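Chemist: just to be clear, the model below is a prediction. Sequence and coordinates:
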Amino acid sequence: MILQNLVALCDREELLKDPDFQLKPVSYLVDINGEGEKVMCLVSGEMAVPVKKHLELKVPGASRAGAPLISFNNSAFESYGLKGNQNAPVGREAAEKYGTALRRLLDRNGWPGPDGDPLPRGNLLLPSNTTVLFWAEKNEDSMMEMFFGIGEGDKQAVKALYGSPWEGKSIRLDDATPFHTLVISGAQGRVILREAITTTVGAVLRSSLHHFNDLDIVQLSKEQTYPQLYKLLLSLKAPGDRAETPPALVTNLHRAAIDANFPYPAELLAMAIARIRAHTGVSDNRVRLIKAVLNRKDRKGHLHSPFGFKPLEKRMDTKNTTVPYRLGRLLAALEKIQQEAISAKAGVVDRFLGAACGTPALVFPRLLNMHHHHVKKLADGRAIFFAKLVDDILAPIPGEFPRTLSLDEQGVFMIGYHHQRADFWTRKEDREKDQNPDAE
Amino acid sequence: MTTPPRLTLRVRGELACFSRPEFKTERASYPWITPSAARAVFEAVLWKPAICWEVRRITLLRPIRFVSFRRNEIKTKIAPAKAKPGKAEHLTDKDRAQRNTVALRNVDYLIEAEMLLTEKGHSDGEKLQKCVAMFTRRLERGQQFTQPYLGCREFAACVMQPDGTERPIDTRFDHGLMFYDMKFAPAEKKKAKNIPYFVDAQLREGIVDVPPRAEIMGGAS
């Protein structure tokens, strides 16, 4: 089925039209035993002479010369006494077509179309030698560019999702044109097919919208960027860590991005929190992932916490009274108080973030004791402001501090912390702008 | 000419992998059971040289879901010449390759097949009726010659009598070509190869109609 769709792509984009683009001379694809015996081609269904070798594809992870998609390079892969590609007979025409379609999708330099203009890029590169190939069953360049933009977190593309026109045209979220995705990796002398998803253009656009909404969070830096899949995954590694991101995680994150019904992989939450706690810092991407995992998990009804859960917003939510959220905010407030009072080198956060979110009861009483000393050093106006803030934050917390927080709750803590910190950095004008989005 | 008896059974399992020939290396499954795998399920319950099964219809009872995982598998085969007692030594810990498997999850099918007499059955209509009764009895009692499986031996299947309450899923899907069956070369001809045949597979409201063998493979098998 996949091969047939690729053949259709080749025909539709007329990739083999120009004889200059015949990549290999005819003799390269030699029939299996030179006898010219015809068998049923499994792509076209017609009787054809099967090819001995399939076109090599230059896929990250495979050897330099490239590796074929279909190959039987060990005897254990063969059956019924058939050797090599006899196990999957494909006629020469079909082999050339699907191979060319794959090469066109893999190309990063601008594959020339039938009229000479470069065709839009059809691939997205992700960590762990993962390549995502995509195409829509329609000859619309702008659609392809848009998908590439979405994967890369390109500002224009994302804005188009939210309603701005894309290249002068408005996009249709109900577009039913079929859309195909292939996730492949190069390894062990052949190209491994990891996933093949067929959906519609509209479904992918709608899911991408959910994806960006789920990942949307206020940023501390002035420049507003949109999340890029590659960078999201990179944020889960310690700096200098050469270990490979688990390939399944890469595939599943991509899947969640294009299919809103698919949950974000739970490992993302654990890895992001672990990374933050390992002193690497509360980076935008990590916080994005935490928010996305939690919100989607809650939408599916899988998030259970004795403290309850309120879907996390982009910015600080003063109406969120769940304990983990408030504790996160509290830590950020205490950190700010300490910063304004004394410019200590080892801030309260560096030393206590991990413990505060894992075991609040052990840490917060001490921190609150300490903060009184800090507050005394502040000017009257600030002291009152902070005292009031801490009171407000603590108000909904009943009784004692919780002894431990579950992983989900730690995630909420981190978001609360990030939101409060970002709020301190928000200028008064911007805050008013947020409350009146129409004025924007 | 009386119509051949058509029998139905229900087969299900947690995992299934009907590997597509082109991605057999990566064990990527077709979206539903192949006619040949369906035939094998019938044969596991009852088979005699006098009869053969031809699958006519496959009904999907549960939605098509995939799951993928990796396994370390052995990559070579022991040569037939070496496969003798005392000589067949194979060090498996040094011979592994990692292979991905894209399997189907929680499959559930109703399969209808016709029981036909082969040449060895000598057109004995009574024998056919006896075999039908035998099959029904065995199915009811859960008797099987070999463990039925779904594509790969490690995915054991649960075979049972349908109880009439099964409902097909409401899906329509045009798959394109799917493996139908192998035409096995006669044993005497050393050089002849086993040839695969493919059929256009379409899912209509959860039902796949399978054309007869003669139509796809032409002539006697």
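Modeler: Perfect, thanks for sending it.

Chemist: next, count neighbours for the closest residue in space to A:T130 that isn't next to it in sequence.
Modeler: Closest residue in space to A:T130, ignoring its immediate chain neighbours: A:V250 at 4.7 Å, by CB to CB, 6 or more residues apart in numbering or on different chains. Bear in mind the C-beta positions are built from the backbone N, C-alpha and C, glycine included. Burial of A:V250 is recorded as 24 neighbouring residues (other CB atoms under 10 Å in any protein chain shown).

Chemist: state the next helix or strand along the chain beyond the longest strand along chain B.
Modeler: Ranked by residue count under DSSP state E, the longest strand found in chain B is strand B:96-117. Going down the chain from strand B:96-117, the next helix or strand is helix B:125-141, by DSSP states H and E.

Chemist: residue at max distance from the center of chain B?
Modeler: Farthest-out residue of chain B from its mean C-alpha position, per CA atoms, centre = their mean: B:G86, at 33.9 Å.

Chemist: and that residue, how far from chain A?
Modeler: Per CB to the nearest CB, to the nearest Å, B:G86 is found 22 Å from chain A.

Chemist: buried sites along the longest strand of chain B?
Modeler: For strand B:96-117, the buried set under the neighbour-count rule, 16 or more other CB atoms under 10 Å in any protein chain shown, comprises B:97, B:99-104, B:107-117.

Chemist: pLDDT of that strand, averaged?
Modeler: Average pLDDT, strand B:96-117: 90.

Chemist: could you do stretch A:357-377 as well?
Modeler: Stretch A:357-377 carries an average pLDDT of 88.

Chemist: so what touches it?
Modeler: A:273, A:277, A:327-328, A:330-331, A:334, A:337-338, A:340-342, A:348, A:352, A:355-356, A:383, A:386-387, A:390, A:400-405, A:410, A:413-414, A:417 (CB atoms under 8 Å, 6 or more residues apart in numbering or on different chains).

Chemist: enumerate every residue touching A:G328.
Modeler: Per CB under 8 Å, 6+ apart, neighbours of A:G328: A:357, A:412-420.

Chemist: just give me the neighbour total for A:N213.
Modeler: By other CB under 10 Å, 14 other residues sit near A:N213.

Chemist: one step back: report the angle between the longest strand of chain B and helix B:125-141.
Modeler: 130 degrees (axes from the mean of the first three to the mean of the last three CA atoms, to 10 degrees).

Chemist: how about the residues of chain B by chain A?
Modeler: Counting by CB under 8 Å from any CB of the partner chain, chain B comes close to chain A at B:20-26, B:28, B:68, B:73-77, B:97-98, B:100, B:102, B:175-177, B:179, B:182, B:184, B:193-198, B:200.

Chemist: what's across from the residue nearest to A:G66 when sequence neighbours are not counted in the sheet?
Modeler: Nearest residue to A:G66 in three dimensions, chain neighbours excluded: A:E56, at 3.4 Å (CB to CB, 6+ apart). On the basis of DSSP bridges, A:E56 is bridged to A:P68.

Chemist: residues near A:E56, how many?
Modeler: 21.

Chemist: which ones are touching A:N74?
Modeler: A:N74 neighbours (CB under 8 Å, 6+ apart): B:75-76, B:97.

Chemist: any chance of the contacts of A:G328 in a markdown table, with secondary structure and distance to A:A88 too?
Modeler: Shown next, in a markdown table, are the contacts of A:G328 (DSSP: H, G, I helix; E, B strand; the rest coil; distance: CB to CB, whole Å):
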| residue | secondary structure | distance to A:A88 |
| --- | --- | --- |
| A:C357 | helix | 53 |
| A:V412 | helix | 50 |
| A:F413 | helix | 52 |
| A:M414 | helix | 49 |
| A:I415 | helix | 49 |
| A:G416 | helix | 54 |
| A:Y417 | helix | 54 |
| A:H418 | helix | 51 |
| A:H419 | helix | 54 |
| A:Q420 | helix | 58 |
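
Chemist: ok, the residues you listed vs B:C158, which is closest?
Modeler: Checking the contacts of A:G328 against B:C158 with CB to CB, the nearest one is A:V412 at 42.8 Å.

Chemist: number of residues surrounding that closest one?
Modeler: Residues near A:V412, counting by other CB under 10 Å, number 29.

Chemist: tell me how far it lies from chain B.
Modeler: Counting by CB to the nearest CB, the gap from A:V412 to chain B is 30 Å.

Chemist: still on that earlier bit, on the pLDDT front, check the residue nearest to A:G66 for me.
Modeler: pLDDT, A:E56: 82.

Chemist: I figured it hits A:A65, correct?
Modeler: Yes: look at A:E56 against A:A65 with CB atoms under 8 Å: they come within range, at 6.2 Å.

Chemist: now do A:S71 against chain B, distance only.
Modeler: Using CB to the nearest CB, one obtains 7 Å as the distance from A:S71 to chain B.

Chemist: swap in A:E409?
Modeler: Taking CB to the nearest CB as the measure, A:E409 falls 30 Å from chain B.

Chemist: mind checking which helix or strand that residue is in?
Modeler: helix A:407-425.

Chemist: check the secondary structure at A:I273 for me.
Modeler: helix (DSSP: H, G, I helix; E, B strand; the rest coil).

Chemist: that one contacts A:V412, correct?
Modeler: No: taking contacts as CB under 8 Å, A:I273 lies outside contact range of A:V412: 10.7 Å.

Chemist: mind listing what the residue nearest the centre of chain B touches?
Modeler: Nearest to the geometric centre of chain B sits B:A37, at 0.9 Å (CA atoms, centre = their mean). Contacts for B:A37 (CB under 8 Å, 6+ apart) come out as B:18, B:150-151.

Chemist: what's the answer for A:S221, then?
Modeler: Contacts of A:S221 by CB under 8 Å, 6+ apart are A:D284.
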